[in-house]
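[1] what's the 3D shape of this:
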Amino acid sequence: MSLHSKIDPGSAEFARNAETMRALVGELKDKLDNVAGAGGEASRA
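    Numbering: from 1, shown residues only. This next block holds a predicted model:
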């Protein structure tokens, strides 16, 4: 059984969506890094 898709990874829309997703993932990573370092040493322990 094969999976069929109408997604065109060569399309401009795909490229825009991929760039948007990369930016959102980058923001999330920054926020997670910020949260992981918050609260001081005692809180992290």
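[2] What is the burial count for A23?
    10 (other C-beta atoms under 10 Å). Bear in mind the C-beta positions are built from the backbone N, C-alpha and C, glycine included.
[3] H4 now?
    With other C-beta under 10 Å as criterion, H4 counts 4.
[4] Please apply the same query to L24.
    The local packing count at L24 equals 10, with neighbours defined by other C-beta under 10 Å.
[5] Which secondary structure element is home to it?
    For L24, the host element (DSSP states H and E) is helix 12-36.
[6] Quick check: the gap between A36 and D30.
    Computed as C-beta to C-beta, to the nearest Å, the A36 to D30 distance reads 11 Å.
[7] again with M1
    Note on M1: its distance to D30, by C-beta to C-beta, is 41 Å.
[8] which one of these two has more residues nearby?
    When neighbours are counted by other C-beta under 10 Å, D30 comes out ahead of the other of M1 and D30, with 10 against 2.
[9] Next up, the contacts around that one.
    Contacts of D30 were listed using C-beta atoms under 8 Å, 6 or more residues apart in numbering, and none were found.
[10] about what we covered before: give the buried residues for the helix holding L24.
    Judged by neighbour count using 16 or more other C-beta atoms under 10 Å, helix 12-36 contains no buried positions.
[11] what mean pLDDT would you report for it?
    Summarised as a single mean, pLDDT over helix 12-36 is 95.
[12] Just checking the distance from it to the centre of its chain.
    On the basis of C-alpha atoms, centre = their mean, to the nearest Å, the separation between the geometric centre of helix 12-36 and that of its chain is 4 Å.
[13] With stretch 7-19 instead?
    For stretch 7-19, the distance from its own C-alpha centre to the chain's C-alpha centre is 16 Å (C-alpha atoms, centre = their mean).
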